[in-house]
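Undergrad: A predicted structure for the sequence below; I have some questions about it.
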Amino acid sequence: MSLLVSNSHFRYLWLANLLSMTGSRISRIGLVLYIFHTTNRIADVAFLIALETVPGILLVPFAGVAVDRTSKNVVMILADAGRALCLLAIIIQPSYGMIYLMMALHAIGSVFYEPAKSAALPLIVNSNELPRANGIEQSSNNVVLILGPIIGAELFTRLGLKVALIIDMATFLGSMILISQLRIRSAEGHAEVSASSTLTNIVEGWRYIAGRQLVRHVIVVFFVSLLCVGLWLPLAPFFVTDFLQGSDRVLGFQFGMFGLGGVLGSLFVPGLVEKIGKGQVLFAGLLLEGLTMSLYSVVPNAEVSIVICLFWGVVVVAILVPYYSIMQEVVDERFLGRVFSLARHVESVAILMAIGLAVLLQGIFSSNQILLMAGLAYVSLIALSAMTGGGRKLMQTR
């Protein structure tokens, strides 16, 4: 936590992200529950989640170029402003059509914000501080996961959707104020990126990833992770209701305990990364997540599932801290925006494929059976990846 005291720019970025994430978690579960209760169809819930990924598939390459070419502060402020306006539109007119349209536009803001935030971090902290910085960020993110879903479910139950959206809108405005105080140094090679055409920049980004074995492999295993775990997103309300015989509050507490696990993991994972290496921690985290997901899918007890979610949160930190630290350290500064944007592009494809699989498979299997198959496939694919050249190089990454 000393970074928060010694580095004011990191503190501004951290607080801005903490604010916007808090509001987003509150409004997100409110929107999911609103659609779930008013339609009771997995296709409608899946469509809402899909709208968070489709814009990424279409616009992420352009977002990466914008991040590498222009001020990352400006990109993040404009993204926050756009997302706040989308929420305002839903508050004024909360129809299904407006919700779907504004969530698609809201996702476009995230497409620009997230790569800008990830690319900014190695430009405001030293490389040896990246695991700690990412650990602090994951810790705060998971505090939000504890409080956001629980508060969001309660607000939706007691006060309705609009209150959750108003809170989220206010957090974006606070984030904009903090980011305006942030100073980020220019990346090396910034002028060269600005002088090239957009298409050239996009192609260079893809070539950079294709030509870096370690970067390519890390993105591939993260794709596998999201493809398997992404099935849980649209299936979670049905799993809780049908398999666990639980209420909306069970889902909220699952997310909450997941967040608590993330906070606990953030206390020791950065030190573990420094001690045994980023690659080994990442690989172990991926295997453990697949096993945890498999266990979660077969235990028909709401209380036990909440405890499993606690451990799951710890495991996810063991994936995200080394993942971001590896990428931020090994990627050339002038490619940071494009690599993180193109990585997000791959992630969006994985989530969209997972949503499609969930809709397709639900007509054949129960929600817990789908999650079990996904967990077992996850473990198998990650184990196989360790036998490749990229997997061996990842395991050796310190």
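TA: In hand now; what should we look at?
Undergrad: ok, which stretches of the stretch 251-398 of the chain are helices?
TA: In the stretch 251-398 of the chain, the helices defined using DSSP state H, counting those that start in this stretch lie at 278-298, 302-330, 336-362, 367-385, 389-395.
Undergrad: now the ones you listed in JSON lines, please, with extra columns for mean neighbour count, distance to residue 163 and mean pLDDT.
TA: Every residue, glycine included, has its C-beta placed from N, CA and C. Supplementary listing: those in JSON lines, determined by neighbours: other CB atoms under 10 Å; distance: least, CB to CB, whole Å; pLDDT from 0 to 100:
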{"stretch": "helix 278-298", "mean neighbour count": "21", "distance to residue 163": "31", "mean pLDDT": "87"}
{"stretch": "helix 302-330", "mean neighbour count": "22", "distance to residue 163": "26", "mean pLDDT": "84"}
{"stretch": "helix 336-362", "mean neighbour count": "22", "distance to residue 163": "28", "mean pLDDT": "78"}
{"stretch": "helix 367-385", "mean neighbour count": "19", "distance to residue 163": "30", "mean pLDDT": "85"}
{"stretch": "helix 389-395", "mean neighbour count": "16", "distance to residue 163": "45", "mean pLDDT": "78"}
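Undergrad: and of those helices, who's closest to residue 250?
TA: Residue 250 lies closest, by CB to CB, to one member of these: helix 302-330, at 4.9 Å.
Undergrad: packing partners of the lengthiest helix in the chain?
TA: Counting residues, the longest helix found in the chain (DSSP state H) is helix 8-39. The helices and strands touching helix 8-39, judged by 3 or more CB pairs under 8 Å, 6 or more residues apart in numbering; DSSP states H and E, are helix 2-6, helix 42-50, helix 72-92, helix 96-120, helix 130-159, helix 161-179, helix 232-238, helix 248-276.
Undergrad: of all those, which lies closest to residue 60?
TA: Smallest distance to residue 60 across the helices and strands packed on helix 8-39 (CB to CB): 5.6 Å, for helix 96-120.
Undergrad: now for the closest one, which elements pack on it?
TA: When contacts are defined as 3+ CB pairs under 8 Å, 6+ apart, helix 96-120 packs onto helix 8-39, helix 42-50, helix 54-69, helix 72-92, helix 302-330, helix 336-362.
Undergrad: which parts of that helix are buried?
TA: For helix 96-120, a neighbour-count test (16 or more other CB atoms under 10 Å) marks 99-100, 102-104, 106-120 as buried.
Undergrad: coming back round to it: of all the helices of the stretch 251-398 of the chain, which one is nearest residue 212?
TA: The minimum distance between residue 212 and these falls on helix 302-330, with 7.4 Å, by CB to CB.
Undergrad: tell me the pLDDT of residue 55.
TA: Here the pLDDT value assigned to residue 55 is 67.
Undergrad: cool, and the one 4 residues further on?
TA: Confidence at residue 59, expressed as pLDDT, is 74.
Undergrad: thought it was touching residue 111?
TA: Yes - under the criterion of CB atoms under 8 Å, residue 59 makes contact with residue 111 at 5.3 Å.
Undergrad: relative to residue 235, which of the helices and strands packed on helix 96-120 is closest?
TA: Taking CB to CB as the criterion, residue 235 comes closest to helix 336-362 out of the helices and strands packed on helix 96-120, the separation being 5.4 Å.
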